[in-house]
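A.B. asks: Next input, structure requested:
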Amino acid sequence: MKPRLGERAVMLETLVGALYPFMLFAAAWLWYRGHNAPGGGFIGALVAISASASYALVFGVSAARSRIPLGPLPMSALGLLLATLSGLPSLLRGTPFLTHPWFTLPLGVVNVPVSSVMVFDLGVMLCVWGALAGFCLRLLEDA
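C.D. replies: Have a look, this model is predicted:
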């Protein structure tokens, strides 16, 4: 039986509500592993956009927009700023722009390799997520 207009899809609400944080965790994981393996900011952003779009389809555009950190446009601008600023350490070291330095962060029993590439990828992720989620939500608003 097809649901009537205005009826709630309780199972879909429960499923999307439960999957949303896991999708964002998967996006963050793809961002993190992307600086030295397949993945990165763009792929992480696509997963985050799919989380935002699915949330909007089930709970409405305004609910999905409120779950995007800072809102779509400011988040996209912040991402662009981060991606640009990630190249400054290379200029300060006298190397070509976006030559990313690496260092090891000791965390107790584990040493974590860190680079300014991660800041660049985070900027890409925020920029793409903000821009495309805003576009997607605007399309859903007009539908």
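
A.B. asks: Please state the offset of stretch 83-97 from the chain centre?
C.D. replies: For stretch 83-97, the separation from the chain centroid amounts to 23 Å (computed by CA atoms, centre = their mean, to the nearest Å).

A.B. asks: do stretch 128-143 as well
C.D. replies: Averaging C-alpha positions (CA atoms, centre = their mean) puts stretch 128-143 14 Å from its chain's average.

A.B. asks: swap in stretch 64-77?
C.D. replies: Computed by CA atoms, centre = their mean, the chain-centroid distance of stretch 64-77 equals 10 Å.

A.B. asks: from what I can see Val61 touches Cys136, true?
C.D. replies: No - using CB atoms under 8 Å, Val61 makes no contact with Cys136, being 9.4 Å away. (Each C-beta comes from the backbone N, C-alpha and C, glycine too.)

A.B. asks: so the residue nearest to the spatial centre of the chain is in which element?
C.D. replies: In the chain, the residue lying closest to the centroid (CA atoms, centre = their mean) is Ala45, at 4.0 Å. According to DSSP states H and E, Ala45 maps onto helix 41-59.

A.B. asks: Run through the neighbouring helices and strands of the next helix-or-strand element following that helix.
C.D. replies: Next helix or strand after helix 41-59 toward the C-terminus (DSSP H and E): helix 61-67. Contacts defined by 3 or more CB pairs under 8 Å, 6 or more residues apart in numbering; DSSP states H and E place helix 61-67 against helix 41-59, helix 117-142.

A.B. asks: Tell me which of those helices lies nearest to Ala26.
C.D. replies: helix 41-59 (5.4 Å; CB to CB).

A.B. asks: which outside residues touch that closest one?
C.D. replies: 9, 12-13, 16-17, 19-20, 23-24, 26-31, 34, 63-65, 67-68, 120-129, 132-133, 136-137, 140 (CB atoms under 8 Å, 6 or more residues apart in numbering).
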